[in-house]
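Asks: below are the sequence and a predicted model; questions follow.
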Amino acid sequence: MGTNKALVELGSLTLLARAVELIEPVASPVTIVGMNKSQHVLHVASIRDREPGCGPLGGIVTALAIASKEWALVLACDMPYVTVEFLQLLSRRCASASPETQAVVPETSRGLEPLCAIYRASASKVLEASLAGRKLKLTDVVATLRVDRVVESDWLAFSADGKLFTNINRPEDLAAARQVFER
């Protein structure tokens, strides 16, 4: 994108503000991981990654390290099609998860979607070990956890057009999202 995606505007909100609005009805307190408070004007806490430069895995490890509850919801800010209702589904799945479950993660035809998922604090040891070993590919690391996979038949109802997990990675992705959100 050539800029900080979190601060890109979509409709009347930045992508970051949109993500915070989605999370607040489902999980609180909300903490932004990977940014200083000086980089945004939102009313939520912010924390830098404990190990900068380690990508999303570093962010999740940081989130779990500061989590005050058994489960931590993780949502990338560049997924504007995610809905509150879907995040509530993830939360309900956590409530009924077996004690061995370490994460509740959606799965698409492309594989796991670990940046729209909920992680149990007990997953932190596996994630930290991968980070320490510089095994940073998040989908590979998450696949080693005991995961409750939220399959397409469970999440498709929350996405009429199948775009639920579509990321904003390029200017053309943003242009397409603006056609949806700025009507």
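Replies: All right, it came through fine.
Asks: enumerate every residue touching the closest residue to residue 70 other than its chain neighbours.
Replies: Once flanking residues are discounted, residue 70 sits nearest to residue 121: 5.7 Å by C-beta to C-beta, 6 or more residues apart in numbering. No exception for glycine: its C-beta is placed from N, CA and C like everyone else's. Applying C-beta atoms under 8 Å, 6 or more residues apart in numbering to residue 121 gives the contacts 64, 67, 69, 70, 71, 72.
Asks: residues contacting the most centrally placed residue in the chain?
Replies: By C-alpha atoms, centre = their mean, the mean C-alpha position of the chain lies nearest to residue 75, the distance being 1.8 Å. Taking C-beta under 8 Å, 6+ apart, we find residue 75 in contact with 19, 22, 23, 82, 87, 115, 116.
Asks: quick one on the thing from earlier: which among the contacts of residue 121 end up buried?
Replies: 64, 67, 71, 72 (16 or more other C-beta atoms under 10 Å).
Asks: from these, which has minimum pLDDT?
Replies: Model confidence across the buried ones among the contacts of residue 121 bottoms out at residue 67, which has 93.
Asks: for residue 120, see how far away it is.
Replies: 9 Å (C-beta to C-beta, to the nearest Å).
Asks: about what we covered before: tell me the bridge partners for the residue nearest to the centre of the chain.
Replies: Listed beta-bridge partners, residue 75: residue 116 (assigned using DSSP bridges).
Asks: measure it to residue 83 for me?
Replies: 11 Å.
Asks: what is in contact with the two at once?
Replies: Joint contacts of residue 75 and residue 83 (C-beta under 8 Å, 6+ apart) are residue 22.
Asks: ok, how many other residues are close to the nearest residue to residue 115 once chain neighbours are set aside?
Replies: Once flanking residues are discounted, residue 115 sits nearest to residue 76: 3.8 Å by C-beta to C-beta, 6+ apart. Residue 76 has 20 neighbouring residues, counting by other C-beta atoms under 10 Å.
Asks: report the contact partners of residue 76.
Replies: Contacts of residue 76 (C-beta under 8 Å, 6+ apart): 19, 56, 115, 116, 167.
Asks: do you know the pLDDT at it?
Replies: At residue 76, the pLDDT recorded in the model is 97.
Asks: can you pull out the strands in this protein?
Replies: Along the chain, counting by DSSP state E, strands occupy 9-10, 13-14, 31-33, 45-47, 71-75, 103-108, 111-112, 116-120, 147-150.
Asks: among those strands, which comes closest to residue 138?
Replies: The closest of the strands of the chain to residue 138 is strand 111-112. By C-beta to C-beta, the value is 8.6 Å.
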